[in-house]
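# Here is my input, please return the structure:
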Amino acid sequence: MEIFFDLYSDVLQQISILLHPYKRAAVIPDFLAPYIKVLFTPGPWQLTAGFLAASFLMITRLNAVEKNGFEGTIVGTLVMPYFSGFPNLCFAYLMATAGNESANGHTVLENCLVNNVTNLTLVLALPAFFWGMNLFPKDQVKTHETQINYLSLLLSLLALIFFTAALWLLGRDGVLGSNDGWMLVGLFLFWQAFHIFEVMKTNARKDRKINRRILMDLVIIGFCAWAIFASINGLVEWINLQGKGLFAKENLGILSGLLMVLPNGFLAIYYTMVNRADIAYSSQLGDCHICIPLCIGIFALFSPIHIPPSFETAVYCIMGAGVGLFLFTAFFGKLPRWAGAILMGLYGFFIYKGFIL
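The predicted structure is shown next:
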């Protein structure tokens, strides 16, 4: 983290030299100096801006990844979750290594549950309400590949319900221990291994290899991952040391869950607008798989997680949304606009029950 702030300080020093009214007055007008100084001063808003910028850059490489060896719902279920869900993994790791395990376990659980409920309701509801999420657009021919993506999406929805139900069953005794953590992580690894073999079978069937240009995308993604990790670490430190009111450390799990869902909102809106509802859909499901079971399982490996009273409300909302999405997808082949209104109502219920407010 010190390296991140040192870099910020060096940049700020160079900007200050440019802003000196006597040496370089012609370079940047004096009235812009305060605004640029604020922009380059390490703080919560600058770190948030850095987080969003790095997340957005990471997401933009998905188009290239799709063209260089991955396609359809595979992008949403195997590749994209590691991009959009990386902040949640960073947060779980930071909480697991920060001490005060009991409070941090509650925070990680809250972060993952808020993230999943928001993804499955609000994030999917908004593009569905404004544009409609049709898996079989009328202006596109229904191909064999489209049908395969549709079936893969249904399978991902079933996996979401299964993973959440497994978490609920493991948490019925009031605590998630290390054995529960191994079970959750093992479920996730098996699910990912299944998709890896699907990619290999698809590429073998089509006699296609993964393009080497994907390596450049991986380099960019690595840089973005470092920036995301550094910004999250900085925000966690700031809230723990200086957070007040709404930004108090007691609200860290909720705030982090809402912040980390923003990149998923970008994904859902973009891919819905370009008539790729399958990727918009599967990306949210894949991100939910990162939180449940992986993030919660990783923390449980380090320290037990004690189940809070609000746990069942959130789990029921997630499973209810999953069942509803499965039925909409299976019977309608889309998420109609009126279904988006229902999902927003479910999110309102989630808030009303007091899990967030």
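# What mean pLDDT does the helix or strand encompassing residue 82 get?
Element membership for residue 82, per DSSP states H and E: helix 80-84. With pLDDT averaged residue by residue, helix 80-84 scores 69.
# ditto for stretch 44-58
Averaging pLDDT along stretch 44-58 gives 79.
# any residues touching it, and which ones?
Defining contact as CB atoms under 8 Å, 6 or more residues apart in numbering, one finds that stretch 44-58 is touched by 8, 38-40, 83-84, 86-87, 220-221, 224-225, 227-228, 230-232, 234-235, 238-239, 247, 259, 262-263, 266. Using the backbone N, CA and C atoms, a C-beta is placed for each residue, glycine as well.
# Just the buried residues of those.
In the contacts of stretch 44-58, burial by neighbour count holds for 8, 40, 83-84, 86-87, 221, 224-225, 227-228, 230-232, 234-235, 238-239, 259, 262-263, 266, counting by 16 or more other CB atoms under 10 Å.
# Would you mind identifying the helix or strand in this structure with the lowest mean pLDDT?
Lowest mean confidence among the helices and strands of the chain (mean pLDDT, DSSP states H and E): helix 2-19, at a mean of 47.
# Residue 136 and residue 273: what is the separation?
When CB to CB, to the nearest Å is applied, the distance between residue 136 and residue 273 equals 17 Å.
# Correction: the previous question concerned residue 201.
Counting by CB to CB, the gap between residue 201 and residue 273 amounts to 31 Å.
# any chance you could map the strands in this protein?
The residue ranges that make up the strands of the chain, judged by DSSP state E, are 133-134, 175-176, 305-306, 334-335.
# Go through these and name the closest to residue 282.
With respect to residue 282, and counting by CB to CB, the nearest of the strands of the chain is strand 133-134 at 11.3 Å.
# which other residues reach that closest one?
When contacts are defined by CB under 8 Å, 6+ apart, strand 133-134 is touched by residues 124, 127, 272, 275, 277, 280-281, 333-335.
# Show me which of the residues you listed are buried.
Neighbour counting over these (16+ other CB under 10 Å) leaves 124, 127, 272, 277, 280-281, 334-335 as the buried ones.
# what stretches of the stretch 51-200 of the chain score poorly on pLDDT?
Confidence mapping of the stretch 51-200 of the chain against pLDDT under 70 gives the ranges 62-80, 83, 100-102, 139-141.
# Of all the strands of the chain, which one comes closest to residue 317?
Of all the strands of the chain, it is strand 334-335 that lies closest to residue 317, at 17.0 Å by CB to CB.
# Paired strands for that closest one, with orientation please.
strand 133-134 (antiparallel) (DSSP bridges).
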